[in-house]
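Visitor: only geometry, no sequence info:
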């Protein structure tokens, strides 16, 4: 992690030249792995990526064979050309019992970039084999937000042990981040940024950036702050480079900013980035002081995580990670299956109440699943639209009734279309009255599904519960129950059964 005071103080007047990353002879020094591979080592002859940029089966098997043979040099030779993200994929693709041996062979390649790309379950399993000092050394290679993500998954005792091994400055930054709620902007933000006072000129700023080698090396904009360290504007690097040196930074900066409170949920942060097309944004504390920044590369991961999480929660599959321990997967999934069993009993009781009618007309038993299935699918469609709209802040209190009426109209059109098809087929195969009954029941159930598909997620959202978690169970219960009740009730009322 970079260590610097990101703010140019009022009395600083940089006047030096740029700092170059080269030796005295002007030749940049690049990282080398010659010590390990040797000058005569040949590149791996196996194609490691396919046309979809996925690791090939042949490559993975070659690595595994080298690990089994304890040929660390061969393993290193194969893996060294890979991008850090591909190395992380390789570690996840090999069986769990082989990961320690693989990690030992490529220890020099296990950089912070690789660790930050690892699946959290795989990473946790690997870290169980490492000492707190080793974990601390890895954490110090990472940006603050990645280090926080690494340490927050450890249990309390391991957290304390790792934090004790960290540099005091790094430890303070990580402990500060851990004080914010989980999945908040405070956990997500980077502490390394560039902030300057508004009275300096563009030339002062350029000299400051060149003269201070301790500044973070990756940033897209410079934040401008007042004496209380509250952000008052921001300047993109392109503006700075294209502006004459004598122009005050206050004349170039954009004063209208999107500020992110440190306690804001990461999903809401992602929505702001999407809505305002942000590349980076300042994070402020409760007093409005600048304490960090969030960049678009972090948000890409958040958007992917949140989208996957909502989809999995709607299915009751829990976290849905193939690397998750079996016991955790079982615990997360079985509770929703048990809940679904309870709601299914309600539909069974409705069927039992019409048992005599079903015995007299077997066609009712044949057609009941059709009514319930169509209603369930219609409810799932509407529920998916509603949950997405809630997640994207498109469905709010101001337009709930309008969205509900829209989905009801869609449901009416769908109901009439499907009812005409199933009603006509039933009338032809069985009898006209039964066709009319099932057509009416389908219309009623699809309209009910449209109502429930909006109302249930909205109710959960108003109760501050995640609408993606339990909506499917209740929508299915409502559509099944209404489908059976409408179909069997109409059959009795029409005189089809005595």
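Guide: Arrived safely. Note that this is a predicted model, so its numbers are computed, not measured. Numbering: from 1, shown residues only.
Visitor: shaky segments in this structure?
Guide: Counting by pLDDT under 70, the ranges of the chain that qualify are 1-45, 306-323, 336, 498.
Visitor: how about the strands in it?
Guide: 195-197, 221-225, 231-236, 260-261, 280-284, 290-295 (DSSP state E).
Visitor: mind giving me CSV with the ones you listed and columns for mean neighbour count and distance to residue 406?
Guide: Quick note: C-beta positions are derived from backbone N, CA and C, even for glycine. Shown next, in CSV, are the strands of the chain (neighbours: other Cβ atoms under 10 Å; distance: least, Cβ to Cβ, whole Å):
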stretch, mean neighbour count, distance to residue 406
strand 195-197, 20, 46
strand 221-225, 24, 40
strand 231-236, 20, 39
strand 260-261, 20, 33
strand 280-284, 24, 33
strand 290-295, 23, 35
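Visitor: go through those and name the closest to residue 120.
Guide: strand 290-295 (20.0 Å; Cβ to Cβ).
Visitor: and the closest one, what does it pack onto?
Guide: helix 185-188, strand 221-225, strand 280-284 (3 or more Cβ pairs under 8 Å, 6 or more residues apart in numbering; DSSP states H and E).
Visitor: residue 343: which of those is closest?
Guide: Closest among the helices and strands packed on strand 290-295, using Cβ to Cβ: helix 185-188, at 35.9 Å.
Visitor: re earlier: nearest to residue 87, of the helices and strands packed on strand 290-295?
Guide: Nearest to residue 87, of the helices and strands packed on strand 290-295 and by Cβ to Cβ, is helix 185-188 at 24.0 Å.
Visitor: just checking, what packs against the closest one?
Guide: Helix 185-188 packs on helix 144-152, helix 168-178, helix 266-276, strand 290-295, going by 3+ Cβ pairs under 8 Å, 6+ apart.
Visitor: need these in JSON lines with distance to residue 66, can you?
Guide: Listed next are these as JSON lines, based on distance: least, Cβ to Cβ, whole Å:
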{"stretch": "helix 144-152", "distance to residue 66": "28"}
{"stretch": "helix 168-178", "distance to residue 66": "35"}
{"stretch": "helix 266-276", "distance to residue 66": "40"}
{"stretch": "strand 290-295", "distance to residue 66": "37"}
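Visitor: can you tell me which of these is most buried?
Guide: strand 290-295 (a mean of 23; mean count of other Cβ atoms under 10 Å).
Visitor: any residues touching that strand, and which ones?
Guide: With Cβ atoms under 8 Å, 6 or more residues apart in numbering as the test, strand 290-295 has contacts from 144, 185-186, 188-191, 193, 195, 219-220, 223, 225, 229-231, 260, 262, 269, 273, 279-285.
Visitor: at 7 Å what do you get?
Guide: 185, 188-191, 193, 195, 223, 225, 229-231, 260, 262, 269, 279-285 (Cβ atoms under 7 Å, 6 or more residues apart in numbering).
Visitor: thinking again about what came up before, residue 209 is nearest to which of the strands of the chain?
Guide: strand 221-225 (8.0 Å).
Visitor: quick check: closest non-adjacent residue to residue 389.
Guide: Of all residues not flanking residue 389 in the chain, residue 395 sits nearest, at 3.7 Å (Cβ to Cβ, 6 or more residues apart in numbering).
Visitor: surely that neighbour and residue 403 touch.
Guide: Yes - the pair residue 395 and residue 403 qualifies as a contact (Cβ atoms under 7 Å) at a distance of 5.5 Å.
Visitor: distance-wise, check residue 353 relative to residue 440.
Guide: 19 Å (Cβ to Cβ, to the nearest Å).
Visitor: which of these two has more residues huddled nearby?
Guide: The residue with more neighbours, out of residue 353 and residue 440, is residue 440; 17 against 13, by other Cβ atoms under 10 Å.
Visitor: quick check, central residue of the protein?
Guide: Centroid-nearest residue in the chain, with Cα atoms, centre = their mean: residue 305, separated by 1.4 Å.
Visitor: wait, what's in contact with that residue?
Guide: Contacts of residue 305 by Cβ under 7 Å, 6+ apart: none found.
Visitor: quick one: neighbours of residue 201, just the number.
Guide: 18.
Visitor: do the same with the one 4 residues further on
Guide: The burial count assigned to residue 205 is 23, neighbours taken as other Cβ under 10 Å.
Visitor: touching, residue 475 and residue 452? I think so.
Guide: Yes - between residue 475 and residue 452 there is a contact at 5.0 Å, judged by Cβ under 7 Å.
Visitor: okay, those two: which has more neighbours?
Guide: More neighbours surround residue 475 than the other of residue 475 and residue 452, with 29 against 25 (other Cβ under 10 Å).
Visitor: for that one, what are its contacts?
Guide: 379, 383, 452-453, 456.
Visitor: do you know how far it is from residue 192?
Guide: Residue 475 is 46 Å from residue 192, by Cβ to Cβ.
Visitor: circling back to that earlier point, dump the helices and strands packed on strand 290-295 to CSV, plus distance to residue 296.
Guide: CSV is the format used below for these (distance: least, Cβ to Cβ, whole Å):
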stretch, distance to residue 296
helix 185-188, 12
strand 221-225, 11
strand 280-284, 7
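Visitor: residue 358: which of those is closest?
Guide: helix 185-188 (56.2 Å).
Visitor: residues making contact with that closest one?
Guide: So helix 185-188 is contacted by 145, 148, 177, 180, 260-264, 266, 269, 283, 294, 298 (Cβ under 7 Å, 6+ apart).
Visitor: and which of the residues you listed is nearest residue 331?
Guide: Distances from residue 331 to those, taken by Cβ to Cβ, are shortest for residue 266, at 24.6 Å.
Visitor: quick one: residues contacting that closest one.
Guide: Per Cβ under 7 Å, 6+ apart, neighbours of residue 266: 183-185, 188, 302.
Visitor: who wins for neighbours among these?
Guide: Neighbour max across the contacts of residue 266 (other Cβ under 10 Å) = residue 188, 28 neighbours.
Visitor: how near is residue 147 to residue 105?
Guide: From residue 147 to residue 105 the distance is 25 Å (Cβ to Cβ).
Visitor: go on, residue 216?
Guide: In terms of Cβ to Cβ, residue 216 sits 33 Å off from residue 105.
Visitor: what about these two, which has more around it?
Guide: residue 105 (21 against 17).
Visitor: for that one, what are its contacts?
Guide: Taking Cβ under 7 Å, 6+ apart, one finds 67, 72, 75-76 in contact with residue 105.
Visitor: ok, now how distant is it from residue 138?
Guide: Distance from residue 105 to residue 138, by Cβ to Cβ: 17 Å.
Visitor: show me what stretch 392-409 is in contact with.
Guide: 271, 382, 386, 389, 447, 450-451, 453-454, 458.
Visitor: contacts for stretch 360-372 next, please.
Guide: With Cβ under 7 Å, 6+ apart, stretch 360-372 has contacts from 357-358, 422, 426, 430, 434, 438, 441-442, 445, 479-480, 483-484, 487-488, 491, 496-498.
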